[in-house]
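*Asks:* how does the following fold in three dimensions:
(2 chains)
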Amino acid sequence: MATPSEASSQITSLNEIPPPAGWMHSRELWRAFFREDRFFLVLSVFIGVFSGLAVVCFRYAIDWSRLYLLGTGVVLTPARLLLAPSLAGLVIAVLVIHFFPRARGSGVNQTKAALYIYNGYIPFRTAVGKFITAALAIGSGHSLGPEDPSLQIGACLASALGRRMRLSRERMRLIAPVGAAAGLAAAFNAPISAVLFVIEEVIGRWTAGILGSVVLSAVSAVVIMRWFLGSEPLFRIPAVELRRPSELIAYAILGVVGGLASVVFAGGIATLRPRCKALPRWTQYFQPAIAGLLIGIIAMLGAPQVMGAGYEYIDQAMHGQFTWEFLAILAGLKILATLLSFVSGTPGGMFAPTLFIGAMLGAAVGGAEHYLLPHLTISPGTYALVGMGVLFAGFLRVPMTSVFMVLEVSGNYSIIVPVIIANTFAYVISRGLQPLAIFDLLTRQDGLDLPSMEEQREEDILHVEDAMQPVQGLALDASLSLDQALRTLDRSEIEHLLVRMRPDAWGVVTKEQLQQAAAAGNASANVASLLSEQTVPYLHPDLPLEVALRYVDRWPLIPVVSRANLGQLEGVISQADVLRRYREFGEG
Amino acid sequence: MLALLAALAVACFLLVTGLSHAYEQQRESLGVRWFSRGVTDLNASRYDAAVTDFRAALLYSRENYVYQLDLAEALIGMKHLGEASAYLLNLWDRQPEDGLVNLELARIAAQQAKNDQAIRYYHDAVNAVWPRDQEFRRRTARVELIELLLRLDQTVDAQSELIALEANAGDNPELQIQIGDFFARAGDFDHALAAYTAALKSDKRNEAALAGAGDAAFELQRYFLAQHYLQAATALNPKDAQTAERLKTTELVLQMDPYRRQISAAERNRLVMAAFATVGQRLQACTPFASTAAAPTTANLDLSKEWTALKPRITERYLLRDPDLVDSAMNLVFRIERFTSGACGSPSGPDLALLLISKLHEGNS
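*Replies:* The predicted structure is shown next:
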């Protein structure tokens, strides 16, 4: 974090023209107010505004490309179904290979790379490339969504603004996630979910400094988006109800099915993406086109719903327009179509397809359960909503976002229990069968080694209590005579002793100090006479072990005391204890 | 720098606003184009095509009230009630006072046997705001509500709605006849007769009103009046078998009633003897030995014994000598008709007439 003096020097550089003398006082106030952390908050609002505007334009671009490539109606002609995605695929391949190579791949991972590797740097060209290629891809019917590109466009804009504002390296690292939250919030029309996603999957930790900026940017982006596109949700939310607690079993079944579907989906990407990438370079010109052609064939054979983001079909599934058998087929075909689009390197996101698959699967499971158990008061809409969360939890592996996303989209908190149950089942099954989360998988396939947020969340943390040793003769009272203290030390190989100076204050003496003082003829003096005024800091058993590292090189022994009673010594810890514990932990 | 940033934001905002106008205009024109096609298809009852058209229109104007309403109408035409209901509920949330939305929701709820919901929506439709033909549309909603209430046997509620409907019926004979029919179905024949009579004031030769008035008068046991209306109805439409049959029964009641005024003692005795003979045959046909359906009962045997015991005395001479014998004989006749109508099914012809006469004089006996 930049110190106040560093920050003020940067602000000075931004305001090089000296103001008139009479303004001196207000300029000082201005500087004091606009320390870099506060300036960062203001900048977050601008990031949100620009990201919101960019996402609005991106939505227009998708719609326009859809209109001109696929036509204006809901029933599409076979020629358009086949030609639009394949020809668009060819153009996209040329653009991606020759002009915008960073436009392919996951926006989430590129934002994480900016945070952890490139000090917040994302080339602006990436945003332009992503904008054009993703709009073409989604508009032409490739089975991809606009959320991940929006997230990346937001991150790119934020990065460009941060560079322009000459932010410190610390702030620059954080600026990409701030823009990502804005882009995702505007695309989803769901600020809470966007903030949670960025915290959960990109940043990986809750800190007050970044949370404020992320929230501000997300909210301002959503305000802009709603200004232009209206505040309607992505789909009409049906009446949600849970009449009997026994229905929770049905939702648990949905969680199991969703977990298995997530494994299939992620497994498909894990298997096919490296193989497609390994094909000769010239094939990359045709991979998106072939994927587009195959998706067109799927559409022509009776499932045009798999094309594009498919929000309108989620809406229809929620309102019981499809039979459960057809819904199950749609879920399967969407997995296939999204796999084709994604592994071929076509730019676009997987959020919308995940929601689509989840909604179809949820409504299908709900319909099948209603068919088998007609007494259950199952509404397909509720199942579709829960299903969306299930796939989010199982495939994207963002358990907290998955719950809040459903709540935010539905605006109905009575659904929370089914969502938590179903999502937990899906997450546990997916984690059990597919150890690597999708974003980590993509990172490794791209040859990067970014921190895995899932692993971080579940990492074991060592505490002081794991390394401390029992007191057993290592502590004595300051009122003891040197003679008595030496007798204690003579019976052991201990070199240091903790000395209680006051009930909650400790000092340290060495064996050598005691021996020297005794040799000088002060054997009857008490131990306190050897201690300086400086006391040894104390630790508590529950503190992370890394806290102990700050002190153990300065003090040979650190007291570990109870939080309930600072005078009660629970154990002692030394540098050797800490290193030993870390070594044991590293050895597994 | 911040000022520059703000200026840039404003410039971008204005640019996107311009873009947004162009975008919205294009979408609006596309929406209107698809909506027009949808209306044409809907008017031609091509519901499938209409649904596709309206869906396309809604792609460009997702929250358009009229598009959604027409899509719901087309979905109802396709019997996709669940989805139609979802659209209508969405519209209801936006305008709960919309009459058409309430009416369509009521119809869907009624079809799905959600009767409480249906009644609530019908009530809302009756009290709702209608953009055109408000009175007519409210009346239509009320008529459907009454139909539902009658189907659910909620006759008291139906009658109160009918009274409200009657108050606003004006001089419309068709509506008066419909009101009369509803009152008749609710068992309120006084109001039914009044409604039919009101219809006849506007159109004296209205066959349905005459038949309805005849039926209502018949149910009210006002047989002379019934005869009057039924005769007029039959004269206008001799092919109406039901009215003709009802007229025949009415005439039999009038002819066979020995208690009617202004007849001689001899005529009365003759009618008593005829009635006695008729119920004898009915009883015989209804005995356990003759009927395959009925099991022998004590009541049946008692009535047979009673009838057999009294038969020798039902002669003109005895009847003239003992005026109380008329009442005894007719009392037995009525009891036999009531018993046999329960045990052996609804009577017809003279037996039905005698049963009706028994009901007519129920209080006296």
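*Asks:* when you work out contacts or count neighbours from here on, use the C-alpha atoms and nothing else.
*Replies:* Noted.
*Asks:* next structured bit after whichever strand or helix holds residue A:547?
*Replies:* According to DSSP states H and E, residue A:547 maps onto helix A:545-552. Later in the chain than helix A:545-552, the nearest helix or strand by DSSP H and E is strand A:558-561.
*Asks:* any idea how the chain splits into domains?
*Replies:* Defaulting to chain A. Per automatic domain parsing, the structural domains of chain A span A:33-229, A:247-453, A:464-586.
*Asks:* wait, I meant chain B there
*Replies:* Annotated domains of chain B cover B:174-256, B:261-360 [automatic domain parsing].
*Asks:* follow-up on the earlier one: starting at the chain centroid, how far to the helix holding residue A:547?
*Replies:* Centre-to-centre, helix A:545-552 and its host chain are 28 Å apart (Cα atoms, centre = their mean, to the nearest Å).
*Asks:* give me the contact list for it.
*Replies:* A:462-464, A:466-467, A:537, A:539, A:558, A:573-575, A:578 (Cα atoms under 8 Å, 6 or more residues apart in numbering or on different chains).
*Asks:* which of those residues fall within strands?
*Replies:* Judged by DSSP state E, those include A:558, A:573 as members of strands.
*Asks:* can you name the two of the contacts of helix A:545-552 that sit furthest apart?
*Replies:* Comparing all pairs in the contacts of helix A:545-552 by Cα to Cα, the longest separation belongs to A:462 and A:537, at 19.8 Å.
*Asks:* which one of those two has more residues nearby?
*Replies:* residue A:462 (17 against 14; other Cα atoms under 10 Å in any protein chain shown).
*Asks:* quick one: the nearest residue in space to the more buried one that is not next to it in sequence from chain B, how far?
*Replies:* Using Cα to Cα, 6 or more residues apart in numbering or on different chains and skipping residues adjacent in sequence, the residue nearest residue A:462 is residue A:545, 5.5 Å away. Residue A:545 sits 44 Å away from chain B, going by Cα to the nearest Cα, to the nearest Å.
*Asks:* and residue A:545, what pLDDT?
*Replies:* Model confidence at residue A:545, given as pLDDT, is 89.
*Asks:* tell me which parts of chain A are close to chain B?
*Replies:* Where chain A comes near chain B, counting by Cα under 8 Å from any Cα of the partner chain, the residues are A:14-15, A:46, A:49-50, A:53, A:56-57, A:60, A:72-75, A:165, A:228, A:236, A:238, A:316, A:319-321.
*Asks:* buried subset of these as a PyMOL selection?
*Replies:* Only the buried members of the residues of chain A next to chain B end up in this PyMOL selection, burial being decided by 16 or more other Cα atoms under 10 Å in any protein chain shown:
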select buried, chain A and resi 46+49+50+53+56+57+60+72+73+74+165+228+236+238+316+319+320+321
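*Asks:* rewinding a little: could you identify which of the domains of chain A is most buried?
*Replies:* When the domains of chain A are scored by mean count of other Cα atoms under 10 Å in any protein chain shown, the highest mean neighbour count falls to domain A:33-229 (a mean of 24).
*Asks:* so the closest residue to residue A:488 other than its chain neighbours, which of the three states?
*Replies:* Once flanking residues are discounted, residue A:488 sits nearest to residue A:473: 7.6 Å by Cα to Cα, 6+ apart. Counting by DSSP: H, G, I helix; E, B strand; the rest coil, the backbone at residue A:473 sits in coil.
*Asks:* residue contacts, residue A:325?
*Replies:* Residue A:325 makes contacts with A:364, A:368, as judged by Cα under 8 Å, 6+ apart.
*Asks:* where's it relative to chain B, distance?
*Replies:* Counting by Cα to the nearest Cα, the gap between residue A:325 and chain B amounts to 17 Å.
*Asks:* what about that residue, helix or strand, and which?
*Replies:* helix A:324-343.
*Asks:* next SSE downstream of that helix?
*Replies:* Once helix A:324-343 ends, the next helix or strand along the chain (criterion: DSSP H and E) is helix A:351-372.
*Asks:* and that following helix, what does it pack onto?
*Replies:* Helices and strands touching helix A:351-372, by 3 or more Cα pairs under 8 Å, 6 or more residues apart in numbering or on different chains; DSSP states H and E, are helix A:147-164, helix A:247-278, helix A:311-318, helix A:324-343, helix A:380-391.
*Asks:* residue contacts, the closest residue to residue A:127 other than its chain neighbours?
*Replies:* Nearest non-adjacent residue to residue A:127, counting by Cα to Cα, 6+ apart: residue A:153, 4.8 Å away. Residues counted as contacts of residue A:153 (Cα under 8 Å, 6+ apart) are A:51, A:54-55, A:126-128, A:130-131, A:179-180, A:183.
*Asks:* confidence score at residue A:153?
*Replies:* pLDDT at residue A:153 comes out at 94.
*Asks:* same thing with residue B:333?
*Replies:* In this model, residue B:333 is scored at 85, pLDDT.
*Asks:* any chance of the contacts of helix A:545-552 in CSV, plus pLDDT?
*Replies:* As requested, these are exported to CSV (pLDDT from 0 to 100):
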residue, pLDDT
A:462, 86
A:463, 89
A:464, 91
A:466, 89
A:467, 89
A:537, 89
A:539, 92
A:558, 90
A:573, 91
A:574, 88
A:575, 88
A:578, 90
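*Asks:* returning to what we had before: quick check: the gap between the residue nearest to residue A:127 and chain B.
*Replies:* 16 Å.
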